[in-house]
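Visitor: Could you work out the structure for the sequence below:
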Amino acid sequence: MFITYNLKEVSITRALNVLKEWNPDWSPEIGMTDCDSAEVNAMKNCFPSLKDQFYCGFHVVSAWKKAVKGYFRGDTGQ
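Guide: Here you go, the predicted structure:
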């Protein structure tokens, strides 16, 4: 776990690179993130060894619920 200044890809990448420096032999093959492209891209860029990347089930359900509620309120997300 780490805390970043913001949730942008560059900040997440910096944090992941610190973890890599602390664990030079670490080469994960599986990763898990929220449903966020910045997190997904940072993981892919920092760990080319990743074979699979999964979304956190809690965040998938939360995003789905938010989208469904918006749909029924007439919010198209645009």
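
Visitor: could you pull out the helices for the chain?
Guide: 9-22, 37-46, 57-73 (DSSP state H).

Visitor: Check the ones you listed for me and report the most buried one.
Guide: Mean neighbours per residue, mean count of other Cβ atoms under 10 Å, is largest over the helices of the chain for helix 37-46, with a mean of 17. For the C-beta atoms, the positions are set from N, CA and C on the backbone; glycine is no exception.

Visitor: Excluding covalently adjacent residues, which one is nearest to residue 28?
Guide: Residue nearest to residue 28 in three dimensions, not counting chain neighbours: residue 47, with 5.5 Å by Cβ to Cβ, 6 or more residues apart in numbering.

Visitor: what are the phi and psi angles of that neighbour?
Guide: phi -130, psi 80 (degrees, to the nearest 10).

Visitor: Next, work out how far apart it and residue 8 are.
Guide: 18 Å (Cβ to Cβ, to the nearest Å).

Visitor: more crowded one of the two?
Guide: Ranked by neighbour count (other Cβ atoms under 10 Å), residue 47 and residue 8 place residue 47 first, with 18 against 12.

Visitor: From residue 53, how far off is residue 45?
Guide: 12 Å.

Visitor: Low-confidence ranges, this protein, go.
Guide: 75-78 (pLDDT under 70).

Visitor: Contacts only, for the residue most central in space within the chain.
Guide: With distances taken as Cα atoms, centre = their mean, residue 39 lies nearest the centre of the chain, 3.0 Å away. Residue 39 makes contact with 7, 9, 12, 33, according to Cβ atoms under 8 Å, 6 or more residues apart in numbering.
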